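Novice: Got a predicted model here, sequence first, then my questions.
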Amino acid sequence: MPSLSLRRARTIIRKTLEKGREAEMKPLSVVVLDPGGHVKAFEREDGASPGRFEIARAKAYGSVMLGMGGTAQNARAEEQPYFVTAVNGAFGGRVIPVKGGVLVRDAKGRVLGAVGVTGDSSDNDAIAATAGIEAVGLVAEI
């Protein structure tokens, strides 16, 4: 199964945080998960609240486990709230279906993992994550 290297995961985080600072976003927290939903790397900027790890991880976890970005998850939650309730039951409440959970694909469309960003608006979280993912030559599915 294709995956992200630790080096690439750290670069995604660095570039995501750079985008956040460049756009004057609030302090961000960024997690990168492998295709199995395990944490590859995480950073929380100074000033970000301590609970942000769980939020970032839940955004990314939903993306990688469901094979869709936060935008699609949110649409599904609005159309079929019972589905997200069931998913959260199956995954122990570890899914937050909103923007900022971004699926990472290679050029062939294979899932390599997911990025979760939290700290600013969900739209801005997704913008920052996309910048980090694209900086390493991969495809972001928001």
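Specialist: Cool, got the structure. Numbers count the residues shown, from 1 in each chain.
Novice: Please, which helix or strand holds the residue most central in space within the chain?
Specialist: Of all residues in the chain, the one closest to the mean position by C-alpha atoms, centre = their mean is residue 116, 2.2 Å from it. Assigned by DSSP states H and E, residue 116 belongs to strand 111-118.
Novice: Identify the spatial nearest neighbour of the residue nearest to the centre of the chain, chain neighbours not counted.
Specialist: Nearest residue to residue 116, sequence neighbours excluded (C-beta to C-beta, 6 or more residues apart in numbering): residue 60, at 3.1 Å. C-beta here means a position set from N, CA and C on the backbone, and glycine is covered the same way.
Novice: quick one: the helices in the protein?
Specialist: All helices of the chain, identified by DSSP state H, fall at 6-22, 52-66, 70-79, 81-90, 122-135.
Novice: What residue in this protein is the furthest from its centre?
Specialist: Here the chain reaches farthest from its C-alpha mean at residue 82, the gap being 22.7 Å by C-alpha atoms, centre = their mean.
Novice: per-residue confidence for that residue?
Specialist: With respect to pLDDT, residue 82 scores 97.
Novice: Residue 3 too?
Specialist: At residue 3, pLDDT is 82.
Novice: List the contacts of it.
Specialist: 34-35, 112-113 (C-beta atoms under 8 Å, 6 or more residues apart in numbering).
Novice: tell me the two of these that are most distant?
Specialist: Farthest-apart pair in the contacts of residue 3 is 34 and 112; separation 8.0 Å (C-beta to C-beta).
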